[in-house]
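Participant: Next comes the sequence, and after it the predicted model I'd like to discuss.
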Amino acid sequence: MALLDDILEKKRVLDDARPMPLTVVRDLADRFERGLTTACLLVEGVELSPDDIRMVLDRGAVLRSRPADPQRLVLNHRSALELMARLSFQGGGVVTERTIAAFHGVLYQGIDTNAGRYREGPLKDDAGASPDPAKVRVSMSALSGWLRRTEAGPEAAFEAHHRLMSVRPFFQGNAATALLLCNLILNRAGFPPVVVTDEDREMYGAMVERAWSLGDKTPFRDLMMRLLDRSLNLCLRSAARALRDFEAADDDEGGLGAALDDGYEDGYGRRP
């Protein structure tokens, strides 16, 4: 529990640093958007270079010289992040299986005719540990009930990811959807998102599979805690730099007013 204690303490320090300058919030939002979009493609085995991902995000359109579907997934993931941001502040709203289906529907719009729909057949290359198609709806209903009763926080976020991956209700996009669900729950609790990098991908995939195939969730939980700790460190470094810049500006005549004029916003980039 030592790492969780550290995470909660870092969250408290980050909360004390809020509101952060709008420029810092925007920078973090941009960095997380790129990181999370890259993670989406990585966990789904979709090949598109980091430079191409950045270019598609910057242009907001599909490049003619590249395969279309991977680029659509990039743009759809941006829309899914916007949905996540709206749901993070939905007054009185609860996370349910409809939320999960909505994420998948946005993510695979224009790519998969089954976007947002549960699978009605077996998964390809599956070890057989996931529920058969006839049980998917029952399993998702059970997950929905659990989500309604659960308070947002890191443990709940990682357990939700695990439970969704145990069902794997879609023909494709299960891992990407599970990460969106996980990060929505983290965001609702005031935490930054977890980002799976290329260096994390193999370990992430192995730990996710170990959790649902063997029932050993501890390695997966520990990995996700480390990823969350890394995201908190990024936010804290950005907050510290902002504080140093603010103090330097305040040393100059009129510095305080100039700094305030720059604008402040509450929280880690929970505005897209």
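Facilitator: Arrived safely.

Participant: Looking only at stretch 194-208, what residues are buried by neighbour count?
Facilitator: Neighbour-count burial for stretch 194-208 flags 194-196, 200, 204, 207-208 (criterion: 16 or more other Cβ atoms under 10 Å). Using the backbone N, CA and C atoms, a C-beta is placed for each residue, glycine as well.

Participant: Kindly apply the preceding question to stretch 150-162 instead.
Facilitator: 150, 152-154, 156-162.

Participant: ok, residues contacting that stretch?
Facilitator: Residues outside stretch 150-162 that contact it (Cβ atoms under 8 Å, 6 or more residues apart in numbering) are 4, 7, 95, 143, 147, 178-179, 181-183, 185-186, 188-189, 191, 208, 211-212, 217, 220-221, 224-225, 228.

Participant: Next: stretch 94-107.
Facilitator: Stretch 94-107 is contacted by residues 40, 73, 76-77, 79-80, 83-84, 87, 115-118, 140-141, 143-144, 147-148, 160, 164, 169-170, 173, 176-177, 180-181, 184-185, 188 when judged by Cβ under 8 Å, 6+ apart.

Participant: Which strand or helix spans the most centrally placed residue in the chain?
Facilitator: Nearest residue to the geometric centre of the chain (Cα atoms, centre = their mean): Asn183, 3.8 Å. When secondary structure is defined by DSSP states H and E, Asn183 falls within helix 174-188.

Participant: other SSEs contacting the longest helix belonging to the chain?
Facilitator: When the chain is parsed with DSSP state H, its longest helix is helix 218-251. Helices and strands touching helix 218-251, as assessed by 3 or more Cβ pairs under 8 Å, 6 or more residues apart in numbering; DSSP states H and E, comprise helix 2-16, strand 20-21, helix 22-43, helix 154-167, helix 198-214, helix 255-261.

Participant: how distant is stretch 28-43 from the center of its chain?
Facilitator: The chain centroid and the centroid of stretch 28-43 are separated by 8 Å under Cα atoms, centre = their mean, to the nearest Å.

Participant: buried sites along it?
Facilitator: With burial defined by 16+ other Cβ under 10 Å, the residues of stretch 28-43 counted as buried are 28-29, 32-43.

Participant: Distance to Arg59 for those - can I get that in JSON lines?
Facilitator: Formatted as JSON lines, the buried residues of stretch 28-43 follow (distance: Cβ to Cβ, whole Å):
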{"residue": "Leu28", "distance to Arg59": "22"}
{"residue": "Ala29", "distance to Arg59": "18"}
{"residue": "Phe32", "distance to Arg59": "19"}
{"residue": "Glu33", "distance to Arg59": "14"}
{"residue": "Arg34", "distance to Arg59": "14"}
{"residue": "Gly35", "distance to Arg59": "19"}
{"residue": "Leu36", "distance to Arg59": "18"}
{"residue": "Thr37", "distance to Arg59": "14"}
{"residue": "Thr38", "distance to Arg59": "16"}
{"residue": "Ala39", "distance to Arg59": "21"}
{"residue": "Cys40", "distance to Arg59": "18"}
{"residue": "Leu41", "distance to Arg59": "17"}
{"residue": "Leu42", "distance to Arg59": "21"}
{"residue": "Val43", "distance to Arg59": "24"}
